[in-house]
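Peer 1: The following block contains a protein sequence and its predicted model.
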Amino acid sequence: MGQYKWWTRGLRRGLMATALALMATGLGLIATALLGGIATSGSAQGSHQDDNQRKGALVIKEQGNRPFGGTVIGDPADASLHCDHGYVNWQIPPHPRKLPLLMVHASSKKTWETTFDGREGFRDIFLRRGFSTYITDLPRTGQAGQGCGPTSYEPELGDQSRFNSWRLGLWLPGDPTPNFYPGVQFPDDPDALDEFFRVQTPEFNAPENEQVETDALAVLLDEIGPSIMLTHSSTGIRGWITPAKTPNIAAIVSYEPGNFVFPEGELPPPFPLADGTLRQRGREIPLSDFMALTKMPIQIIWGDFIPAELDRANVGPRLTLDTRRVNLRTAELFVEAVNRHGGDAENVLLPDIGITGNTHFPMLDLNNVEIADLLSQFLHEKRLDRRGRGGN
């Protein structure tokens, strides 16, 4: 079965290359037929293929990439360094909607790209739905790794902890192989799991990095104009900080953010964890900065397998489950604070609306089209999905 998967995957890649070559020579109809065949062959392999896979060629009017923001240190007359910039890749479809999607990843740019089993991710799904997409590497990470300050990387034997933390299942000490949760929305494919373990980008989450990264994001937003910001995990806090630095955020949709902000004097007390320690998942900021979050709609999305109550069994390698519980509870208090100050925020736990099995990265899960539909519904309800002139 594994050889068959790799053979068909290679065949589809070969057909894709041929189709792109034909498009370059002007033989668009043949290319479209080949691309349609690729989508059809992919959909025959599983029940999780979506309509986007059967729509033929993905049409892009413009694409590009470049650094943004940053500074220069040193003396140009002697020795200097351009550093602390971000890096952005963008794609624009024909007749795009007015507001683009700014996709800010945490540990991997793949968050917004193709899924672990090779299907279209949020970038391509929303390009098909008429949104321009901008995917960033933040300063000092990925393609923007040229920082103004020192960083260091130490290899960490962390496959098991990432498997547990991202809630694919449990991989406990003594188990030679991981155990997936029943019904988890992750592919039952060793190649997909191998890919999952290989896409992480080192993150630097000190307060200094947060300020450097949000400074750069503000520059990019001022350059591209009002945008819908999508954040995930550790970049959630970047989403809460950036609105105080630019007026060009039309909405924020955050997937399982790792930290939150509260007005000075309104920080909730820390939560007890299963191991007896206390965990604080919030920080105070000036009320004037917090009020920027009340000027846009906010939606926070959470997946499955998050404990509802403190469970004393969730210690050691299972402690990550309890920290997710605290994150979720803190998100509820954050939403209450935003709305108390006149904002428009909501917290969505997917199992509460009948969507089950999702991991820490629902945008990459088997049901990612259903998750994308939720985002489309939210944007439509908030009137954020209108097209520009000449669009439909």
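Peer 2: Sure, I can see it.

Peer 1: In contact with the closest residue to Leu350 other than its chain neighbours, which residues?
Peer 2: Using CB to CB, 6 or more residues apart in numbering and skipping the chain neighbours, the partner closest in space to Leu350 is Asn358 (5.3 Å). In short, each C-beta sits where N, CA and C put it, glycine included. Counting by CB atoms under 8 Å, 6 or more residues apart in numbering, Asn358 makes contact with Gln185, Gly303, Asp304, Leu350, Asp365, Asn367, Ile371.

Peer 1: how about 7 Å then?
Peer 2: Asn358 is in contact with Gln185, Gly303, Asp304, Leu350, Asp365, counting by CB atoms under 7 Å, 6 or more residues apart in numbering.

Peer 1: State the distance from it to Gly169.
Peer 2: With distances taken as CB to CB, to the nearest Å, Asn358 is found 13 Å from Gly169.

Peer 1: And Pro150, by the same measure?
Peer 2: To Gly169, Pro150 is 37 Å away according to CB to CB.

Peer 1: likewise Glu309?
Peer 2: 20 Å.

Peer 1: can you check Asn347 too?
Peer 2: According to CB to CB, Asn347 stands 25 Å off from Gly169.

Peer 1: Ok, Thr141 next?
Peer 2: Taking CB to CB, one finds Thr141 at 28 Å from Gly169.

Peer 1: ok, those two, which is more surrounded?
Peer 2: Set Thr141 next to Gly169 and count neighbours by other CB atoms under 10 Å: Thr141 wins out with 24 against 17.

Peer 1: dump the residue contacts of that one.
Peer 2: If you count contacts by CB under 7 Å, 6+ apart, Thr141 has them with Thr201, Pro202, Glu203.

Peer 1: Any of those residues buried? List them.
Peer 2: Those of the contacts of Thr141 that meet the buried threshold are Thr201, Glu203, by 16 or more other CB atoms under 10 Å.

Peer 1: want to throw the contacts of Thr141 into JSON lines with pLDDT, secondary structure and distance to Thr214?
Peer 2: Below are the contacts of Thr141 laid out as JSON lines (pLDDT from 0 to 100; DSSP: H, G, I helix; E, B strand; the rest coil; distance: CB to CB, whole Å):
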{"residue": "Thr201", "pLDDT": "84", "secondary structure": "coil", "distance to Thr214": "18"}
{"residue": "Pro202", "pLDDT": "82", "secondary structure": "coil", "distance to Thr214": "19"}
{"residue": "Glu203", "pLDDT": "78", "secondary structure": "coil", "distance to Thr214": "15"}
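
Peer 1: Give the next helix or strand downstream of the helix or strand of the chain with the lowest mean pLDDT.
Peer 2: Within the chain, confidence by mean pLDDT, DSSP states H and E is lowest for helix 28-43 among all helices and strands, at a mean of 42. Moving toward the C-terminus from helix 28-43, the next helix or strand (DSSP states H and E) is strand 62-68.

Peer 1: in which helix or strand would I find the residue lying farthest from the centre of the chain?
Peer 2: Distance to the chain centre peaks in the chain at Ala77, reaching 41.2 Å (criterion: CA atoms, centre = their mean). Counting by DSSP H and E, Ala77 is held by no secondary-structure element, helix or strand.

Peer 1: please renumber so the chain begins at 17
Peer 2: All set: I'll call the first residue 17, so the last point we hit is now Ala93.

Peer 1: Start from the N-terminal end of the stretch 217-366 of the chain and give the strands.
Peer 2: 243-248, 265-271, 276-279, 287-288, 294-295, 298-301, 313-318, 360-365 (DSSP state E, counting those that start in this stretch).

Peer 1: so where is the stretch 267-408 of the chain shaky, pLDDT-wise?
Peer 2: 405-408 (pLDDT under 70).

Peer 1: List the contacts of the residue lying closest to Gln216 once chain neighbours are set aside.
Peer 2: Leaving aside its chain neighbours, Gln216 sits nearest to Ser123 (4.8 Å; criterion: CB to CB, 6+ apart). Applying CB under 7 Å, 6+ apart, we find Ser123 in contact with Gln216, Thr217, Glu219, Ser249.

Peer 1: pLDDT below threshold where in the stretch 67-216 of the chain?
Peer 2: Using pLDDT under 70, the stretch 67-216 of the chain drops low at 67-71.

Peer 1: For it, which segments are assigned as strands?
Peer 2: Under DSSP E, counting those that start in this stretch, the stretch 67-216 of the chain gives strands at 78-84, 87-91, 95-99, 102-108, 117-120, 149-153, 185-186, 195-196.

Peer 1: a markdown table for the ones you listed, including distance to Gly137?
Peer 2: What follows is the strands of the stretch 67-216 of the chain, written out as a markdown table (distance: least, CB to CB, whole Å):
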| stretch | distance to Gly137 |
| --- | --- |
| strand 78-84 | 16 |
| strand 87-91 | 32 |
| strand 95-99 | 30 |
| strand 102-108 | 13 |
| strand 117-120 | 10 |
| strand 149-153 | 10 |
| strand 185-186 | 22 |
| strand 195-196 | 21 |
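
Peer 1: can you map out the helices along this protein?
Peer 2: Ranges of helices within the chain are 18-40, 44-59, 138-144, 175-181, 206-214, 223-240, 252-257, 303-306, 335-356, 384-397, based on DSSP state H.

Peer 1: still on that earlier bit, return the member of the contacts of Ser123 nearest to Leu118.
Peer 2: Ser249 (16.0 Å; CB to CB).

Peer 1: so how far is Asp305 from the nearest residue to Glu282 once chain neighbours are set aside?
Peer 2: Leaving aside its sequence neighbours, Glu282 sits nearest to Ala353 (CB to CB, 6+ apart; 6.0 Å). For Ala353, the distance to Asp305 equals 13 Å [CB to CB].
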